[in-house]
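Engineer: Need a 3D model of the following:
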Amino acid sequence: MISTPLLQLSYLVAAVLFIMGLRQLSSPRTAPKGNATSAVGMLIAVAATLLAFEIIKPADLLIGVAAGALIGGLLAWRIQMTAMPQLVALFNGLGGSASALVVLGELTRPKTAALASSSLVAAGMGILIGNITLMGSLMAFGKLQGVIPTGAIRSRTLPWLNLMLLLACLGFTGALVGAPGNMVIMLSLVGLSLVLGVTGVMSIGGADMPVMIAFLNALSGLAASATGFALHNDVLIVAGSLVGASGVILTNIMCKGMNRSLGNVMFAGVGIADGAGGVAAPGGGTVKQASPEEAALMLAESDLVIVVPGYGLAVAQAQHTVRQLADELEKKGVEVVYAIHPVAGRMPGHMNVLLAEADVDYEKLKDLDEVNPMFPQADTVLVIGANDVVNPVARTDTSSPIYGMPILDADKAASCLVLKRSMRPGFSGIDNPLYSNDRTMMVFGDAKDTLLELVVQVKQS
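Structural biologist: Prediction:
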């Protein structure tokens, strides 16, 4: 139905759209347009492939596109921002499983024996990486959703088990070259790679899930690229390479944000046990509580307020309310900026996406290096549901698992307001002495309800 030159032209257009979309994803302002641009590129690539090889009829293609658009639209409408990390994890898993299934379909065709050795090696890697991505993403989803324990599992034998599983998978990949159509080899590779995906991620705690999501995203791209090499499909190679490279870069950024290596993230076991709830101050200190009226007065009398958003903001769906509070403060001449830590929340860029949804001016979002010098000049810091990213022990306690992690210097401000439901630690399970700092006032309760009360009180002040 489509000639070879037209197919190659379609692939070229799709690749250009992928690159343009990826470039637009670099800013929250243009990210929605980047998603749409990349989606159009993928639609062109998929449609051209299916029609060129007469896999389906045009009418069937339209039905498939309509069904996919309906499912995607329902997900976008129903999924809350708190569940967005879980959705991203599932997307990564589906990408990996798609690559593995395509390769398996190719290997079970009669012409398998005629495939070159390089194609068979690429096929084996597509199965291996794709299945690791699938099961690893499902494990990440389970931890983020609370279906399985979020704490890390520290075991001396687990790294050795993972190494043996990896070597066995590589062995079966090599065996696949000698016996391309052998179902025992293929099923063994599938089974062991699925197990490796589970054991490889189960040891990682919830505190490190932002890094793991970025890493799994890179793996999904590498799986697609390996599948492209196996099938000699240019657009799969390009798309997979772009996703893989961007995922690796993002993983590196996230690791730098925690001042840890990827190996440390995967094997150190930060967040070994889920944090327990409590009402006492960490270390036996005294917690000072403030009413919404007192907190509003502190904010209204400030010259500079720095807002530190955390996962608690997402849980409460309070991004629009904090924007309302900032608007009211700015009407009174207060400067308001937002301090964004690279690993705040549960996925890369979580806080940026959250605040962009509330139409917060992108110029007011300050990254860690830009905002930290501002804290000593800030009159008030408003911490909303953040824990580990403002924990001073990262600077002072060499025995802490987060020691050396760059943090937001909220404790250096003149005063600090912390909005939390309880004294429960963050994902790392480490108590935060900021809460008992002499300059810190705690406001307990649901973040959205508290912020709404603050808006009312600021208006009346």
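Engineer: For the lengthiest helix in the chain, give the mean pLDDT please.
Structural biologist: Criterion DSSP state H: the longest helix present in the chain is helix 117-145. What helix 117-145 shows for mean pLDDT is 92.
Engineer: List the buried residues for the very next helix or strand once past it?
Structural biologist: Toward the C-terminal end, the helix or strand that comes next after helix 117-145 (DSSP states H and E) is helix 157-178. By 16 or more other Cβ atoms under 10 Å, the buried positions in helix 157-178 come out as 158, 162, 165-166, 168-169, 172-173, 175-177. From N, CA and C alone the C-beta is placed, and that goes for glycine too.
Engineer: Likewise for stretch 238-255?
Structural biologist: 238-244, 246-248, 250-252, 254-255.
Engineer: which residues are contacting it?
Structural biologist: 11, 14-15, 18-19, 22, 42, 45, 95, 99, 210-211, 214-228, 261-262, 265, 342-343, 348 (Cβ atoms under 8 Å, 6 or more residues apart in numbering).
Engineer: what's the offset of the worst-scoring helix or strand of the chain on mean pLDDT from the middle of its chain?
Structural biologist: Within the chain, no helix or strand scores below helix 262-267, which has a mean of 76 by mean pLDDT, DSSP states H and E. Centroid separation between helix 262-267 and its chain, computed with Cα atoms, centre = their mean, to the nearest Å, is 16 Å.
Engineer: That one: what's the following helix or strand?
Structural biologist: Next along from helix 262-267, by DSSP H and E: helix 292-300.
Engineer: got the contact list for that following helix?
Structural biologist: 290, 305, 325, 329, 332, 334, 379-380, 382, 415, 417, 441, 443, 450, 453-454, 457-458, 461.
Engineer: If we use 6 Å, what do you get?
Structural biologist: Outside helix 292-300, the residues that touch it by Cβ atoms under 6 Å, 6 or more residues apart in numbering are 305, 329, 332, 380, 417, 443, 453-454, 457-458, 461.
Engineer: Off-centre distance for that helix?
Structural biologist: 34 Å.
Engineer: Use 6 as the first number for this chain going forward.
Structural biologist: Noted, 6 is the first residue going forward, which turns the last one into helix 297-305.
Engineer: so the residue most central in space within the chain, which of the three states?
Structural biologist: With distances taken as Cα atoms, centre = their mean, Met352 lies nearest the centre of the chain, 2.6 Å away. Using DSSP: H, G, I helix; E, B strand; the rest coil, the structure places Met352 in coil.
Engineer: residues in contact with the residue lying closest to it once chain neighbours are set aside?
Structural biologist: Leaving aside its sequence neighbours, Met352 sits nearest to Pro90 (Cβ to Cβ, 6 or more residues apart in numbering; 3.8 Å). When contacts are counted by Cβ under 6 Å, 6+ apart, Pro90 is found next to 149, 351-352.
Engineer: which SS class is Pro90?
Structural biologist: Applying three-state DSSP: Pro90 is helix.
Engineer: how near is it to Leu221?
Structural biologist: 11 Å (Cβ to Cβ, to the nearest Å).
Engineer: rewinding a little: in helices only, show me the contacts of helix 297-305.
Structural biologist: Reading helices off those with DSSP H, I get 334, 458-459, 462-463.
Engineer: Please convert these to a markdown table, extending it with pLDDT and neighbour count.
Structural biologist: Written out in a markdown table, the entries for the ones in helices among the contacts of helix 297-305 read as follows (pLDDT from 0 to 100; neighbours: other Cβ atoms under 10 Å):
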| residue | pLDDT | neighbour count |
| --- | --- | --- |
| Leu334 | 95 | 23 |
| Glu458 | 94 | 19 |
| Leu459 | 94 | 26 |
| Gln462 | 93 | 20 |
| Val463 | 93 | 22 |
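Engineer: now, the most widely separated pair of those residues?
Structural biologist: Leu334 and Glu458 (14.4 Å; Cβ to Cβ).
Engineer: Please name the nearest non-neighbouring residue to Asp372.
Structural biologist: Ile345 (5.7 Å).
Engineer: That neighbour and Val312, how far apart?
Structural biologist: 10 Å.
Engineer: what's the answer for Ala349, then?
Structural biologist: 12 Å.
Engineer: and what of Gln150?
Structural biologist: Taking Cβ to Cβ, one finds Gln150 at 27 Å from Val312.
Engineer: pLDDT below threshold where in the stretch 206-355 of the chain?
Structural biologist: Along the stretch 206-355 of the chain, the parts satisfying pLDDT under 70 run over 211-212, 272-290.
Engineer: ok, 90 please
Structural biologist: 206-219, 236-240, 255, 257-293, 295, 316-322, 347-355 (pLDDT under 90).
Engineer: Would you verify that Gly371 is located in a helix?
Structural biologist: Small correction: residue 371 is Lys, not Gly. No - applying three-state DSSP, one finds Lys371 to be strand, outside a helix.
Engineer: Not counting its neighbours along the chain, what's nearest it?
Structural biologist: Val342 (5.3 Å).
Engineer: Repeat that for Gln382.
Structural biologist: Leu309 (6.1 Å).
Engineer: Just give the number of residues close to that neighbour.
Structural biologist: Counted with other Cβ atoms under 10 Å, residues neighbouring Leu309 total 17.
Engineer: beta partners of it?
Structural biologist: Glu340 (DSSP bridges).
Engineer: swap in the one 5 residues further on?
Structural biologist: With DSSP bridges applied, the residues forming beta bridges to Pro314 are Ile389.
Engineer: Might one say that it is in contact with Met356?
Structural biologist: Yes - contact criterion Cβ atoms under 6 Å: Pro314 and Met356 qualify, at 4.8 Å.
Engineer: picking that back up, can you name the residues that contact the residue nearest to the centre of the chain?
Structural biologist: 90, 93, 215, 218.
Engineer: By neighbours, which of those wins?
Structural biologist: Ile218 (28 neighbours).
Engineer: domain parsing for the protein?
Structural biologist: 84-272, 287-465 (automatic domain parsing).
Engineer: if we can go back for a sec, report all helices and strands that the longest helix of the chain contacts.
Structural biologist: helix 89-112, helix 162-183, helix 188-207, helix 214-236 (3 or more Cβ pairs under 6 Å, 6 or more residues apart in numbering; DSSP states H and E).
Engineer: State whether Met410 is indeed within a helix.
Structural biologist: No - going by three-state DSSP, the assignment for Met410 is coil, not a helix.
Engineer: roughly how far apart are it and Leu373?
Structural biologist: 11 Å.
Engineer: who's more crowded, these two?
Structural biologist: Met410 (21 against 18).
Engineer: Surely the more buried one and Arg400 touch.
Structural biologist: No - the pair Met410 / Arg400 is not scored as a contact, 9.0 Å apart, by Cβ under 6 Å.
Engineer: Could you list which residues are in contact with Gly131?
Structural biologist: 104, 108, 228, 231-232, 235.
Engineer: Report how many residues lie close to Glu335.
Structural biologist: 13.
Engineer: I'm done for today, thanks for sticking with me.
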